[in-house]
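Visitor: Predicted model follows, preceded by the sequence.
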Amino acid sequence: MESSSQTNRPKATVRDFYERHQQALDLHLVAGQRGLLRVIREPTVNRPGLVLAGFTKYFAQHRVQVLGNAEMHFLKSLAEADRNERLGRLLSYRVPCIVFCRGYRPDGGFLEMAERSNLPVFRSQQVTMRFINQATLLLDVLCAPQGTEMGSMVDILGIGVIIRGAAGIGKSECVLGLIERGYSLVADDITHLHVSGGQQVIGTAHRRIREFMEVRGIGIINVADMFGVKSIRTHKRVDLVVTLKPWDEVANVERVGLEQEKIPLLGIEVPHVTIPVAPGRDLARLVEVAAFLVKLRLAGHNPAKDLETRLLADMAASRREPHGLPEVPDHDTRLES
């Protein structure tokens, strides 16, 4: 089963990093505005202390460069000519940008060199390690693979479920039934996806249509106003994809569930089930049970394999019995004594 998602890996520029996270990182541009279109090729940060000390081998020049207390005290210990020479060496590499933490402001000579090189230079009042930790997380999201999946997403007891299927098959009715049971809407019709930490896919809705749903025959509803704020989640990890299909289009209906089918979302394998749709089937209940089953499997329980193990054990025991399987009475004869 293939995913219907559309995928792209954005090329983040310094402008993207600055405009989206200016407030969170307390960034202030002090030089190099003409270089804001430089691309951040490695979505993380680097402290260039070794380069300033003269060791340039293995320099991570494609990362955001951060100078903190240690680097600034080292530079202040140098004579002005030596300091400018070392800073000039740093600027000779095409780094994306430089951030001075703890409110340090570089001297005028360095700012002039940065302007001539079109190198963006920022200041931040944040403590260096706090800035590094926060910037690393934000850069990871900014440069992560992104995409969209044509389907609605709900949170069922901590299990993020994308429900997809052809138009008119009953996705909205299924989602409404789940919301009425106390679960939360993440996205309606189109789920925006991005990879977090390289290991999990996060789903969310576009901020303009968050909280809203289209219900055919009724129109647009505000889920938060109708069912309360508990019925909305801004984002959730994708743990399961459910595809709704007409019964006659499902060639092999799953009857046991020993093996978990998976599909790729942004290059990451996610559990997938196909639920046949027929008149009278409670789709919301079936999706709920599918989510419960994923939750059990994440906890180390697999009912199908448990049953298989029990049957195999009974078969092994029957081979050891001289007359096959022991006869099981229809009722407990001990009650008659």
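Guide: Great, that's in hand. Numbers count the residues shown, from 1 in each chain.

Visitor: ok, which stretches of this structure are helices?
Guide: 14-25, 49-53, 69-76, 80-91, 108-117, 128-142, 171-180, 223-227, 283-298, 303-320 (DSSP state H).

Visitor: which helices and strands does the second one pack with?
Guide: For helix 49-53, the elements it packs on are helix 69-76, helix 80-91, judged by 3 or more C-beta pairs under 8 Å, 6 or more residues apart in numbering; DSSP states H and E. Yep, even glycine has a C-beta here, placed from its N, CA and C like the rest.

Visitor: which residues touch the shortest one?
Guide: Okay, so that is helix 69-76. 47-49, 52-53, 83, 86-87, 100-102, 104, 128 (C-beta atoms under 8 Å, 6 or more residues apart in numbering).

Visitor: ditto for the longest one
Guide: With C-beta under 8 Å, 6+ apart as the contact definition, helix 80-91 has outside contacts at 48, 51-52, 54, 56, 65, 75-76, 78, 98, 106, 109-110, 113-114, 117, 119.

Visitor: give me that answer again for 7 Å
Guide: 48, 51-52, 75, 78, 109-110, 113-114, 117, 119 (C-beta atoms under 7 Å, 6 or more residues apart in numbering).

Visitor: try stretch 216-232
Guide: With contacts defined as C-beta under 7 Å, 6+ apart, stretch 216-232 is touched by 172, 179, 184-185, 211-215.

Visitor: residue contacts, the residue minimising distance to the centre of the chain?
Guide: Compute the mean C-alpha point of the chain, and by C-alpha atoms, centre = their mean the closest residue is Ile202, 2.8 Å away. Neighbouring residues of Ile202 by C-beta under 7 Å, 6+ apart: 193-194, 196, 235, 237.

Visitor: That one pairs with what?
Guide: His194, Arg237 (DSSP bridges).

Visitor: let's number from 51 now, not from 1
Guide: From this message on, residue numbering opens at 51, which makes the last subject Ile252.

Visitor: And it, how close does it get to Val288?
Guide: From Ile252 across to Val288, the span is 7 Å (C-beta to C-beta, to the nearest Å).

Visitor: thinking again about what came up before, buried ones among the contacts of helix 119-126?
Guide: Neighbour counting with 16 or more other C-beta atoms under 10 Å marks 97-98, 102, 133, 136-137, 150-151, 154, 178 as buried within those.

Visitor: and Glu261, how far is that from Leu243?
Guide: 19 Å.

Visitor: the more surrounded of those two?
Guide: Taking other C-beta atoms under 10 Å, Glu261 and Leu243 do not tie; Leu243 has more neighbours (25 against 18).

Visitor: residue contacts, that one?
Guide: 55, 196-199, 251-253, 315-316.

Visitor: could you redo the last one with a cut-off of 8 Å?
Guide: Contacts of Leu243 (C-beta under 8 Å, 6+ apart): 55, 196-199, 251-254, 288, 315-316.

Visitor: Restrict those to the buried ones and give me that as a ChimeraX selection.
Guide: Applying 16+ other C-beta under 10 Å to the contacts of Leu243 leaves a buried subset, and the ChimeraX line that selects it is:
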select :55,196,197,198,199,251,252,253,254,288,315,316
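
Visitor: With respect to pLDDT, which of the contacts of Leu243 ranks lowest?
Guide: Lowest pLDDT within the contacts of Leu243 is found at Ser55 (56).
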